[in-house]
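My questions concern the predicted model and sequence given below.
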Amino acid sequence: ELEKVSTFSQMLLWFGAAVSIAEILTGALLAPLGFEMGMGAILVGHVIGAALLLPAGLIGAQSGLSAARSVRISFGRYGSYAFSILNLVQLLGWTAIMIVSGAKAMDGITGELWGFRNEAVGCAVIGVLIALWVLMGIKNLARVNIVVVTMLFGLSLVLGFTVLGQTGAGAAGEPISFGAAVELNVAMSLSWMPLISDYTRRLRRPFAGTAVSVLSYFIGSVLMFAIGLGASLYAGTADIARILLAAGLGLAALLIVLFSTVTTTFLDVYSAGVSAANLSERLNEKTVAVLVCALGTVLAASVSMEQYENFLFFIGSVFAPLFSILFVDYWLLGRREIDPSRPLDLRSALLWAAGFVFYRLLLPYDTPVGITLPVMLLVGVSSI
């Protein structure tokens, strides 16, 4: 039996998930649009993202199933295995990306403050702290998160006012269309869709807890994207370490980087453990989570941030069609039970593959709402 958690603890968990350097860096990619158009893309993308996260989280909250288990409703046992493996790959990728972006920012701060630069040490420190977060467990984490998330919220506001108070030449970047900017925002929210049920399944109050979790992530994520956009436009750089130091935050700058990375990456490694447990019940969630954390820490040394945008779009192409099919089955057709006699639903699996191809084909094209929504609507209608 899973330990039940409060709505308040989930609110803290999901705000902590949103406060990350990766979200700030993604916001900085929107700078060529200018502030008003960039903020418009952030809001449109995040509203679409929240509208997708809510039904995904509610499936876990109502059924008590993890994301990987709930996939069995539409795709059967083997389909859920494919989901688990793909999810493990994306979570390992996220773990490495989060650790390396945090370590690079820490490097810039420790270099300025104490003349010490060593990215490998930064990766190791972050990795050890994430492992401690996992070993603490969801229940005990709530107490620590009260302190950590309150600190992150305060420092994020300071960072936001510092960035928006600057006047400087906007940083040049690769041109980006409004639709592509919306899609980047949606893709960031979409990357949490395969995880959210792993946490909402523990809620004492299913609907209220899920709604607060999604709203908390929405607010935190919009704030982070806006900071990234403003940093690139007004500070002339998206280098968060430099902005934090320019704000005179000193040691607090190091703490914001360290703990924002830990609170976000914890969710990635913990969910990797949950996905692995779907492959075999002999696998222990916490043990796998710590192993993924260790592997992600080692991988962080070889991760290239140049492929970051492509990574986000890959996540969208894999999980948007899958969840579209699950939503139709669960919410429209009322299929709520797992059929243990059905190892694979071939029709759903083929439709998932077709949706993946369709998403990839649409990538070069532009719509005002991005491409996730059109792809999900088409796949959803096809699955009825």
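It's in.

In terms of pLDDT, where does the residue sitting furthest away from the middle of the chain sit?
Distance from the C-alpha centroid of the chain peaks at residue 341, with 33.6 Å (Cα atoms, centre = their mean). According to the predicted model, the pLDDT of residue 341 comes to 90.

measure it to residue 201 for me?
Counting by Cβ to Cβ, to the nearest Å, the separation of residue 341 from residue 201 is 24 Å. In this view, the C-beta of every residue, glycine as well, is placed from N, C-alpha and C.

can you check residue 231 too?
36 Å.

Same drill for those two, tell me which one is more crowded.
Legend: neighbour count by other Cβ atoms under 10 Å for residue 231 and residue 201, higher for residue 231 (28 against 24).

ok, the more buried one to residue 107 distance?
18 Å.

and residue 364, what element?
In this structure, residue 364 sits in neither a helix nor a strand according to DSSP states H and E.

What's the local residue count around it?
8.

One more: residue 368?
Counted with other Cβ under 10 Å, residue 368 comes out at 11.

which other helices and strands contact the helix or strand hosting residue 155?
Assigned by DSSP H and E, residue 155 belongs to helix 119-164. Packing partners of helix 119-164 (3 or more Cβ pairs under 8 Å, 6 or more residues apart in numbering; DSSP states H and E): helix 7-18, helix 72-114, helix 206-234, helix 240-246, helix 251-279, helix 285-299.

contacting residues around the shortest one?
Put plainly, it is helix 240-246. Identification of contacts with helix 240-246 by Cβ atoms under 8 Å, 6 or more residues apart in numbering yields 21, 24-25, 104-109, 112-113, 159, 162-163, 231, 235, 237, 252-253, 256-257.

Show the buried residues in those residues.
21, 24-25, 104-109, 112, 159, 162-163, 231, 235, 237, 252-253, 256-257 (16 or more other Cβ atoms under 10 Å).

And the pLDDT at residue 168?
In this model, residue 168 carries a pLDDT of 59.

Then residue 1?
64.

tell me how far the helix or strand bottoming out on mean pLDDT in the chain is from the chain's mean position?
Every helix and strand of the chain was ranked by mean pLDDT, DSSP states H and E. The lowest is helix 240-246, at a mean of 75. Computed by Cα atoms, centre = their mean, to the nearest Å, the chain-centroid distance of helix 240-246 equals 23 Å.

about what we covered before: ok, now which ones touch the residue farthest from the centre of the chain?
By Cβ under 8 Å, 6+ apart, residue 341 has no neighbours at all.

sec struct for it, please.
Here residue 341 is recorded as coil under DSSP: H, G, I helix; E, B strand; the rest coil.
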